[in-house]
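Colleague: let's see this in three dimensions:
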Amino acid sequence: MPTTRKIVRPPVDERGGVGGALRPAINIADDMARPVRVLIERMAKEIKRELIAVFHETGMDHSHGMDAADGSIRSRVVLNKLQDKWAPRFNRLSKKIVDRMISRVLKNSAVTLGMSLRQISKDFEIDTSFIDERLKQVISASTQEAANLIKLIPQNYLADVQGAVMRSITTGRGMKDLAPYLNEKYDGNIRWARNVAMDQTRKAYSNVNAARLQAIGVQSFVWIHTGGGAHPRKDHIAMSGKEYRYDNLPVIGVMYGKEVRGKPGDLPFCRCIMKPVLNWN
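Modeller: Predicted coordinates for the structure are as follows:
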């Protein structure tokens, strides 16, 4: 990737304008989520198979002959072994799919950013594929955030299952309670993997575009609320169509009791997008 920026400005009488909406390619997120879903499915099947065996061998799959103490110990041993088995697999997968996602986002950004700016003027030319030092930092941060979410899947999954196992032993219902929970847990994680892939792709795309736009002197953007979420944020709806500056970002919500400032896509699962505002003056 080039590290320099080549810019050919439009004629002097053209003062700028608002570019086209910047939208990430949805297939990037789909490709990121697909291998995660496959690995979750394989892990979930093994967890269920191993726990059914433990519950059967210790008598916890029926109401009589239950050895709760033995079953509790054996289930913890099994889940710890599964953690040791699946954690490295998710670690390896995270690097592979996140590196691919970032690479595709960089290319997608270069294409869509060029198209967006040319909507301001057909005579506006710029090499939008450049990577400077600031963008390298954005890439590193985006890669780490997305990879960490993938790496934590087996740890969080198995911790929740461990709690469900203990509850099923306490109630004495065994697999009658645990089996439905495992099915529900699997479905929830599949949805989560899809949502996280979409969220991280949007964040990476937004951050890459913001870094490139600021590098060429674009100082502001128009907020666009897409209306795609089931529970839209009311303040984001009110912000739609308004112009904001990168050096004075708006309040976009509250997290952990504190106001958060940012741009479209910064909050978890925010689907808002932006249009760059270019002013040669």
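
Colleague: only C-alpha atoms for contact and neighbour calcs from this point on.
Modeller: Noted.

Colleague: tell me the secondary structure at Val105.
Modeller: At Val105 the chain is in helix, as set by DSSP: H, G, I helix; E, B strand; the rest coil.

Colleague: what count of nearby residues applies to the residue nearest to it when sequence neighbours are not counted?
Modeller: Nearest residue to Val105, sequence neighbours excluded (CA to CA, 6 or more residues apart in numbering): Tyr205, at 5.7 Å. For Tyr205, the count of nearby residues is 26 (other CA atoms under 10 Å).

Colleague: i'd like the first residue to be 26 from this point on
Modeller: Fine by me, first position is 26 from now on; the one you just mentioned is Tyr230.

Colleague: was I right about Tyr230 contacting Ala135?
Modeller: No - in this structure Tyr230 lies outside contact range of Ala135 using CA atoms under 8 Å: 10.1 Å.

Colleague: how close does Ala50 get to Phe149?
Modeller: 23 Å (CA to CA, to the nearest Å).

Colleague: gap between Arg270 and Val276?
Modeller: According to CA to CA, Arg270 stands 12 Å off from Val276.

Colleague: ditto for Ser134
Modeller: Distance, Ser134 to Val276, using CA to CA: 25 Å.

Colleague: quick one: which of the two has more around it?
Modeller: Taking neighbours as other CA under 10 Å, Ser134 and Val276 compare with Ser134 leading, 26 against 14.

Colleague: let me know the secondary structure of that one.
Modeller: Three-state assignment for Ser134 (three-state DSSP): helix.

Colleague: that one: what's it in contact with?
Modeller: Listed by CA atoms under 8 Å, 6 or more residues apart in numbering, the contact partners of Ser134 are Pro49, Thr153, Ser154, Tyr230, Val233, Asn234.
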